[in-house]
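> how would this look folded up:
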Amino acid sequence: MQREPLSKERVLRAAMKLVDSEGIDALSMRRLAAQLGVEAMSLYYHVKNKDDILTGIGDLAMSEIELPVGGADWKAAVRASAISYHDTLRRHGWVTSLPVSGEASMAQLHYMDALLKRLREAGLSPELTHHAYHALESHVVGSALWLGILTSMFSAVFFSRGLVNLWYGSRKKIQTLAIGQIWKPQA
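Predicted coordinates:
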């Protein structure tokens, strides 16, 4: 039986799967190659190096964001896009820890362009569009980071002690948090 040929797409999808399941520190060329059933040197035909992989999987993650579409209800379109962005960051929490090169990826540029266009079509001035874009970006990324910190904190401290019951609603917002008692380190 022949195996599926190696391609950049296959390499990046496997890398994303590895990073999603085991974290960004688990990614290495050897580990990725083993997961794909090839030698590490085979990867270099498709990607330059680990940084190229990180850039590629970041772009793959960003391409999952639903872009705001035109129509009469611009607020609903922008809201749906913001929720999609937040959900993407929650699915791929490692995206926010990727090194920033100063250059936006193609998926980031598509997202930015679509959001800025939608805000301008809604009648916002260029200055207000600028502020709205950055407010949305800060809110979405900041809330995803904060929720990631809370989730890590609760799982490290409370879940290990069996003290927290979290229930997530349809948009992954913590809607109920029942704490039986506060964990205190033993003196």
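> Now do the most centrally placed residue in the chain, the pLDDT please.
In the chain, the centroid-proximal residue (CA atoms, centre = their mean) is residue 89; its distance is 2.8 Å. Residue 89 is assigned 93 on the pLDDT scale.
> How about the one 10 residues further on?
Among the per-residue scores, residue 99 holds a pLDDT of 77.
> For it, what are phi and psi?
Per-residue torsions, residue 99: phi -60, psi 140 (degrees, to the nearest 10).
> which one is it nearest to, not counting chain neighbours?
Here the nearest residue to residue 99 in space, its sequence neighbours aside, is residue 54; by CB to CB, 6 or more residues apart in numbering that works out to 7.0 Å. To be clear about C-beta, it is placed using only N, CA and C from the backbone, and glycine gets the same treatment.
> just the strands in the chain please.
Under the criterion DSSP state E, the chain contains strands at 164-168, 174-179.
> any idea which helix is longest in this structure?
Using DSSP state H, we find that the single longest helix of the chain is helix 126-153.
> Summarise which helices and strands that helix is packed against.
In terms of contacts (3 or more CB pairs under 8 Å, 6 or more residues apart in numbering; DSSP states H and E), helix 126-153 is packed against helix 74-91, helix 106-121.
> mind giving me JSON lines with these and columns for distance to residue 26?
JSON lines is the format used below for the helices and strands packed on helix 126-153 (distance: least, CB to CB, whole Å):
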{"stretch": "helix 74-91", "distance to residue 26": "17"}
{"stretch": "helix 106-121", "distance to residue 26": "23"}
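> out of those helices, which comes closest to residue 64?
For residue 64, the closest of these is helix 74-91, at 4.8 Å, according to CB to CB.
> Can you list the buried residues in that closest one?
Neighbour counts over helix 74-91 (16 or more other CB atoms under 10 Å) mark 74, 77-78, 81-90 as buried.
> So of the residues you listed, which two are at opposite extremes in space?
Spanning the widest gap among the buried residues of helix 74-91 are 74 and 90, at 24.6 Å by CB to CB.
> what's the spacing between residue 99 and residue 90?
Here residue 99 is placed at a distance of 21 Å from residue 90 (CB to CB, to the nearest Å).
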